[in-house]
Every structure is written in structure tokens, then in C-alpha cells.
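In: Sequence below, structure please.
(chains A, B and C)
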Amino acid sequence: MMRTRQWAIVLGIYIVAGLVGAVALWWLTHALTPIFRPLKGANLWAAVGGSVAFWIGLMALLHRMPASVKKRVAVVVTFVSGLFYVLEFYLPKKSGIFFWRTHHTNPFSPMLDTVGVATLVITGFTLLLATFNLCLVHGKNIAARRTGYYNSVAFYLAFFAMATFGLWQNHAPTSKLFASKVTVAQVYGYLFNSTYVPLGSTLFSVLAFYMATAAFRAFRVRTAEAGFMMVAAFICMMGQVPLGMWLTHTLPLHGPLSHLRMESMANWVLGVFSMAGLRAVTFGIFVGALAMSLRIWLNLERGAFFEQEL
Amino acid sequence: MTLEHANLLHVGFVAVISAIILYTILSARAGRKLFIRRIPGLSAIDEAVGRATEMGRPMLFSTGLSTIDIDSLQALAIAQYVARLAARYGNRLIVPVVDPVVFAIAEQLVREAYASEGKPEAFRADDVRFLSDQQFAYAAGVMGLINRERVASTFFFGYFYAESLLLSETGQEVGAIQIAGTPATTQVPFFLASCDYTIIGDEFYAASAYLTREPTLLGSLVGQDVGKGLLLLMVVLGTVTAVPGMPLHFISKWLARWLFGG
Amino acid sequence: MKLDWQFWSRRLIWLALAIATAVFLLVKVHARMYVSRPALDLYRAVEAVPPDKIIVISCNWEMGTYGENGPQTEALIRQCLKLGKRFAIFGWTWPPGPMLGQQIAERLQRPYHRRYGRDWVNWGFNTGGSPMIRGWAKNIPGTIKEDIFHKPIMSYPVMKGVNTARDVGLIIDITPSNTLITWIEFVYGIYRTPIGYACTGVMAPEAFPYYDAHQIVGVLKGLAGAAEYEQLLGYRGDALKRMPAQSSAHALIIALIVLGNVIYLRARRRGQAPGARLTTT
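Out: Reported below is the predicted structural model:
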């Protein structure tokens, strides 16, 4: 068991880190507000160029740092980023503790949308990485003439066709294709409605067939609990379809016997038993998610890549 | 009462559960021994990797359909454990991913796993591949991979949607041993029907603790269980006091006012 | 010649399922649905939207789930067109969603003499996920600047007075994904805008905790939910036409489960090791 002194040190570190982080965030939200005003013309291009140069320089500098520094930077950035959302949500909308603000409003709330957009911009860094990997893998298949390389040829044809006509129709939908009367929008519509849509529907419909084979193979009533589950499954399946409703259609629509109608029993199983079980599982999942988020935020996560040298 | 900002009940509740989790984590790190029950699905991972190696066929690990969030991070943590085993036994692990950010992390993870086992040359960059960000295009790609590569073991960890049964049935057809774990409650029945081992609900989040036996993670698991016990207590208290005329009925009214503004 | 039972049993089951569904798609059978409470509540919620508010039909689905979400979208749009309710099609998870919604709305608007721009609008697909929804709820024109035709949305008469989530009378999320939690967290939780949910059958059980807690006003459960809605609207659409086929498929699956258990029990009595498994942790 930890001693009182050790507890005090750990708690103290967290409280101090939280206070320092909060002050830093408040200063950032205050000082950086001017840079989030919309820009136009030369100012916009200067800002874009400057941002690109800044980030390239920062990444180059980080790359040259020793591994321990890189890890510390990642830990601090993770903590401060998480702290922003924690403070924004858990501090009230208006309170006397924000005494320096005009209407004593939460200083983090106005920054919420901007921080959200910044998060999306960061995920955009990886946009072309995945496409590049896809093209590389299929390119290697074709170059090496591996078994089934014609599938990779099909990938390239489909990729360039959709990309070309998708971008083209977005900018000039009425332009004609070569010397014909066919417009770009028509070609894109054909590619979308006659190939993309049916392919997706086809694969989803395969699910029904797989469900039938899985049900035949796997659902065995070996215990009493499995028997109860089968009865509940029968009621739920038949209670949703006209055939099942027809089985009990002679029962009255109102009164005590109406509860024995197939659709009533199905809705009761879904709305009471199933709902209770799902709610319980959801509670567990969210507590687990809270614990994992807490570990990542406070740099307590261990294993996998969290302890790797960067 | 809206949820734009937390009220005292939210703050108190989250603070109490967080404090409990932190206490158990720090206690575990200080040396307290904690018990965790056996989870057959996770224990079977070693068996599945060994079986694939004996058969001389590769393995496949799918991280689900989510972008980078706690579900995919947890899946990647399990993927690295499996990758380490694969490297140790000299087997291939194919990791198809659906998200570009997850792809970047997965590639680095698997590469590091092979390097940590002293076999960096055994890592094949083509084995970690981005297939598509569209659900059924990804499913079709994984089904094709399973059939072409004749994988001996498949691991489905992460958040899945309708493609769960497509993937697991395809693995069934090629005779692969299949282990699945997902926090998506609606997909659990499909995995149960097709997979040899299925991990349900928050056992998925316990996976990294179970596999690594890291004190921090074990402590967090115990803290989660205490938190769930508190939730259960609230449910029982709310149910009992919600009946009008019961003693302490005012507690139910107070909770409703704080939670719903009603 | 020894048959590979495992190989042929699968194919026979698939053939049986294909025949069972195809017969009832080709043969006209009138199905009657008894409307469930969640579908009825959603129907009434749409009726109750006042004229000064807009309905948002969030088409977060793609062609893979057209079989379930398509009839749901059609039934909901038909009700809005019939009652003259203003509505906006919107999407933020699956890019094809708004385009598919557009096709359905364009096909349905003529009999009710409704017009794009005056009675309904399509905001198109917007990227950004949860942060975008949060910003959308605070400032709709600021977040969604253009419609699907790249025209400013505020240039349309239907958008008059629509600025925040408080000007939205009902949001109906039609999706096979887990987007409901985002709507509840960032829209219902803050603005108390009513939310309806039309999902694929497999996602329906997850919606019931929220329906029971009155965080959503109604639920359409897959194709059956769409059929119930068509029953309420009094027209025989794709969902009602397909319900006999779904009945037949369900009956076949139940028969297969019974057959599988009969085979299993006979094998057990003969002392053979059962091949099937249903393993949990």
C-alpha cells in the first residue's frame, strides 16, 4: 500500500499540472484569438505559406530531438489537449470564477469549434498516405505479375474512372465527353447508379445468406438457457413480420389477452428484456471507455505503442 | 437542465469514479496483488497463433471500422501482442485497415513488433494495408484476403457493423480458428454464431490488462468494476425510491431534477 | 461418390433462401402490419412539428442498406410532402446518403405539387463528424453554406427563419451506423430538439434504452418499421410489398434452426460428437 506521503506527492503533481495547464490554455485562448479571424487575398496565402513553413520546421526540429524529449512533448500535448475539453465541459457556462471576463462566461467555450476544426485538419495529414499505400500495393502486384494481378488492374481502372469523372462533374457537369452528346454528369451518374450502388447492395444482401448458414450451423439448444434464448428469438423474429402477426391475429387487440399477440410479445422482449441487458452492457462499456481515456490522458497507459521510443 | 456543461451531479459522479480508478491504479503500481478471472477468448490467442504456425498459413487481424478512438487503440494494442507472437513463431500477420490514421499507426506497430522480437527482416510492409474507407468495400477486400491467403487464424477486434458476419463466415468457410472481441453489442450475436471465441462488452477493454498483466492496467480494471458497482447501487436506489409512497421518494425526485431538469 | 456434405449443405441452404424470398417477391401477397408504439410515436412527432420549424432528415446511409433505409426515407419524405412540412435532407457519415435522399424526394414531390427550394432543400454531405454537428446546432447557415447544387442555402424560401437547432422541429436520423449518440449528446442534450431514429433491424435494440428514457421520440426498426409507417400513411410501398418475402425468410431460418437441432439430437443419441458450437466467454 502506498504511504500518505507518496499519495500527497502524486496528487500534488496532478493538481499542479492541471493548474499550469489551465493557465496556459486560458492564455492561449486569449492571445491566439486574433489569428482565428477569417483572412482573404494575400493575407490568406501568407498565412497558409507561413503555417506550412512553421509545421515543416517544427516537425524537422522534433525529428532531430532525442527520443525522451519527443515522448515528453507527446505526453504534454496529450494532457493539455484533453484538459481543454475537461475544463470546457466541467466548468460552468457562467460563473464568478471567470471574474476577468466581461459577462463571467467560460473562456474555453468560444474556442470549441475552432479546436474541433483543428482536430479534423490534423487527420487530413493522413489523407493521401492511405491512397498511396493502396496504389503501391496494387502496383507491386502488377509489376510482379502475381496471381490475380488482373484484380489490381481493375482497381486502377475503377480508381481513375471514379476520381476523374467525380472531380470533372463537380466542376463542369454539362461538359460533353469528347465529341459525343454524352455529358460528364451522365457518365458519373452511370458509374454511381449502375455500378457503385448495385455492388454495395449485393454485398449487403449476401449477409442474409450467411445468416441462414450461421443459424443452421451454430444455434444448438444444449442447455436450458439456450432454450430460453431460442424461444425469445422465435418470438422476436416472428413478431416483426406479417406471418408471425397472423399466427395470433385471432387474439383481441385490446385487453389482457392482447399481450399474447406475437407483435406485443416481440415488442415486450425488445423493449424490456433486451433493453435492460443492452443498458447493462452499455454501462460497462462506457465505464471501460472512461478508464481507458483517463489512462491515455494522464499518461498511465502501458503496453503497445504507449511505451515505445518515438 | 441541458448537457452543454456538467452539473454538480455529473462532476461528482465522474470525479468519484475517476478517483477510484486512479486509486486502484496507483495501488497496483505500489505492489498490491490483484486477481483477474480467466477470459477464454483471450487465453486462446496463443493457441490460435500456434495453430497457424503449425499449419504454415498466415493469420489475419482486423481492427474494425472505427477511426482512431479508444476502440481502435485497444484493438491496436491487441494487434501488437498478436504481431509479437507472430514474429516470435516466424509467421505472417496480415492487418487490413479501414482508416488512414489507423493504417499509419498499425504499420508502425507491427514493424516495431517484429523488430522487438529480433526479426525486422521478416516484416512485410504489404501485409499491413489500407483497403478502403467504405464498409462493404473493406468487407469484400478482407473476404478476398481470407480466401486467397487461406488464413489459419482470424482475429476481429474493434468496432464492427454489418460486415461482422460476412468476415466471420468467410473465416468459417476456410476453416480458420476465429477470435472476436467488440464493444458493438449488436454484432456480438453474429460473432458468437461464427467464431470459436467471442469477447463481449467491456471484456474488450480488459484485453490489454489480461494479455500484458501490467499492474497499471490491472488496477484500472479493478477500479472499473468498483465504478460499475456504484452504478448498480444508483440503479437499485433509483428503482426503489421511484415508487411513489416509498420512503426516501424525495431522492428519486432530486435525482430526476439534477439529471433531467424535471 | 461421397458428397462433401459441408460444401453442399451451404449451397442448398442458400438456394432454399433465394427461392423462399424470390417466390414472394414475384407473387403478390397483401401483408397487414400491426403498428408498434415506437413507429406510431415517430409518426405523431412528424405530424406535431409546427409550421415555423423545419424537419431535418439526416440520410446517413449508403447503397448497401438501401433495402431497409430506402423505404424508411421514402415513407418519411412522403409524409412530409403530404402534410406540407418543410424538410431538409442532410448527411455527414456516408457521402452517398444525401444524393440517394435527393433521388427519392425528386421522385415523390410531383404528385404532392411540392418544389425544391420552396418546400424542401438538400444540404448535401458535410464532413467533420461530431465537431461539425456541434457547430451546426449553433449556427446552421454558417456551417452549411451551400446546398447540394452549390447554391447558398439561405437563398431558398424554405430556409426562412432556420438559424440554429432551436428552429428545427424534429431530426430524423436514418442510418445503419451508430450516429444516434452524437445527436443525443450535442443536439438533444443541449437544445432539447426532438430526435427520431430510423435504423437497420440489427441496430434497433441499441435504440431502445434511449427511447425508453424519452431521449428519442420514436424508432423505425428496419424494413418492418418502414412497412408499419407505410401502413400508417395508407399506401402500399416497397416495404409492405417486401414483407411477405421477409416473413418467408424468417420462417425458413426458424425451420433451419429446428432442423439443425433435430440433426444434432439424433447425432447425440447415436453417440457421435456434435460439430456445432456456440461458445461464449
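In: which helices and strands does whichever strand or helix holds residue C:20 pack with?
Out: Taking DSSP states H and E as the criterion, residue C:20 maps to helix C:5-26. Here helix C:5-26 touches helix A:197-218, helix C:238-269, going by 3 or more CB pairs under 8 Å, 6 or more residues apart in numbering or on different chains; DSSP states H and E. For every residue, glycine as well, the C-beta is placed using N, CA and C.
In: Show me the shaky parts of chain C.
Out: C:1-3, C:272-281 (pLDDT under 70).
In: Show me where it has its strands.
Out: Counting by DSSP state E, one finds strands in chain C at the ranges C:54-59, C:87-91, C:120-125, C:168-175, C:195-199, C:218-221.
In: how about a markdown table for these, with distance to chain B and mean neighbour count added?
Out: Output for the strands of chain C, formatted as a markdown table (distance: least, CB to the nearest CB, whole Å; neighbours: other CB atoms under 10 Å in any protein chain shown):
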| stretch | distance to chain B | mean neighbour count |
| --- | --- | --- |
| strand C:54-59 | 16 | 27 |
| strand C:87-91 | 14 | 26 |
| strand C:120-125 | 14 | 23 |
| strand C:168-175 | 10 | 26 |
| strand C:195-199 | 10 | 29 |
| strand C:218-221 | 12 | 28 |
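In: could the ones you listed go into a markdown table alongside distance to residue A:231?
Out: A markdown table is the format used below for the strands of chain C (distance: least, CB to CB, whole Å):
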| stretch | distance to residue A:231 |
| --- | --- |
| strand C:54-59 | 36 |
| strand C:87-91 | 40 |
| strand C:120-125 | 44 |
| strand C:168-175 | 31 |
| strand C:195-199 | 25 |
| strand C:218-221 | 20 |
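In: Which one of the ones you listed lies nearest to residue A:12?
Out: Residue A:12 sits nearest to strand C:195-199 of all these, at 44.1 Å, using CB to CB.
In: Next secondary structure after the longest helix seen in chain B?
Out: Assignment by DSSP state H gives helix B:215-242 as the longest helix of chain B. Remark: after helix B:215-242, the chain's next helix or strand is helix B:249-260, criterion DSSP H and E.
In: Report the contact partners of residue B:36.
Out: Residue B:36 sits next to B:206, B:209, B:210, B:218, B:221 when contact means CB atoms under 8 Å, 6 or more residues apart in numbering or on different chains.
In: Among these, which one sits closest to residue B:40?
Out: Using CB to CB, residue B:210 is the member of those that lies nearest residue B:40, at 10.8 Å.
In: what domains does the record give for the chain?
Out: Picked chain A for this. Domains of chain A are assigned by automatic domain parsing as A:4-130, A:147-218, A:224-310.
In: I was after chain B.
Out: Following automatic domain parsing, one finds the domains of chain B at B:40-212, B:221-262.
In: what's the first-to-last distance across the longest one?
Out: I take that to be domain B:40-212. One end of domain B:40-212 sits 15 Å from the other (CA to CA, to the nearest Å).
In: How many neighbouring residues does residue A:67 have?
Out: Residue A:67: 10 surrounding residues under other CB atoms under 10 Å in any protein chain shown.
In: what do you get for the one 10 residues further on?
Out: The burial count assigned to residue A:77 is 10, neighbours taken as other CB under 10 Å.
In: And it, how close does it get to chain B?
Out: Look at residue A:77 and chain B: by CB to the nearest CB, to the nearest Å, they are 15 Å apart.
In: follow-up on the earlier one: next, see if the longest helix of chain B gets close to chain C.
Out: No - for helix B:215-242, no contact with chain C is found by CB under 8 Å from any CB of the partner chain; the gap never falls below 12.1 Å.
In: Okay, now the unreliable bits of chain A?
Out: For chain A, the stretches with pLDDT under 70 are A:1-4, A:28-36, A:302-310.
In: residues from chain B in reach of chain C?
Out: Residues of chain B lying near chain C by CB under 8 Å from any CB: B:2-4, B:39-41, B:134-136, B:159, B:161-162, B:173, B:184-187, B:192-193, B:195-200, B:203.
In: Would you check that my belief about residue A:91 contacting residue A:106 is correct?
Out: Yes - judged on CB atoms under 8 Å, residue A:91 makes contact with residue A:106 at a distance of 5.4 Å.
In: anything in contact with each of these two?
Out: Common neighbours of residue A:91 and residue A:106 (criterion: CB under 8 Å, 6+ apart): residue B:5.
In: OK, now which residue of the stretch 101-250 of chain C is nearest to chain A?
Out: Residue nearest to chain A within the stretch 101-250 of chain C: residue C:131 (2.7 Å; CB to the nearest CB).
In: host element of the closest residue to that residue other than its chain neighbours?
Out: Closest residue to residue C:131 in three dimensions, ignoring its sequence neighbours and counting by CB to CB, 6 or more residues apart in numbering or on different chains: residue A:116, at 2.7 Å. In the assignment (DSSP H and E), residue A:116 maps to helix A:112-123.
In: Show me what that helix is packed against.
Out: Judged by 3+ CB pairs under 8 Å, 6+ apart, the packing partners of helix A:112-123 are helix C:129-138.
In: could you give the angle of the helix it packs on to strand C:87-91?
Out: With axes from the mean of the first three to the mean of the last three CA atoms, to 10 degrees defining the directions, helix C:129-138 sits at 160 degrees from strand C:87-91.
In: From the chain's centroid, how far away is helix C:129-138?
Out: Centre-to-centre, helix C:129-138 and its host chain are 22 Å apart (CA atoms, centre = their mean, to the nearest Å).
In: Alpha carbons only: can I get it in PDB?
Out: As requested, the backbone C-alpha atoms of helix C:129-138 are provided in PDB (Å, rounded to 0.1, in the frame of the first residue of the first chain):
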ATOM      1  CA  GLY C 129     -18.400  14.400 -37.700                       C
ATOM      2  CA  SER C 130     -19.300  15.400 -34.100                       C
ATOM      3  CA  PRO C 131     -17.500  18.800 -34.100                       C
ATOM      4  CA  MET C 132     -19.400  19.700 -37.300                       C
ATOM      5  CA  ILE C 133     -22.700  18.700 -35.700                       C
ATOM      6  CA  ARG C 134     -21.900  20.800 -32.600                       C
ATOM      7  CA  GLY C 135     -21.200  23.800 -34.800                       C
ATOM      8  CA  TRP C 136     -24.200  23.100 -37.000                       C
ATOM      9  CA  ALA C 137     -26.500  23.200 -33.900                       C
ATOM     10  CA  LYS C 138     -25.300  26.600 -33.000                       C
END
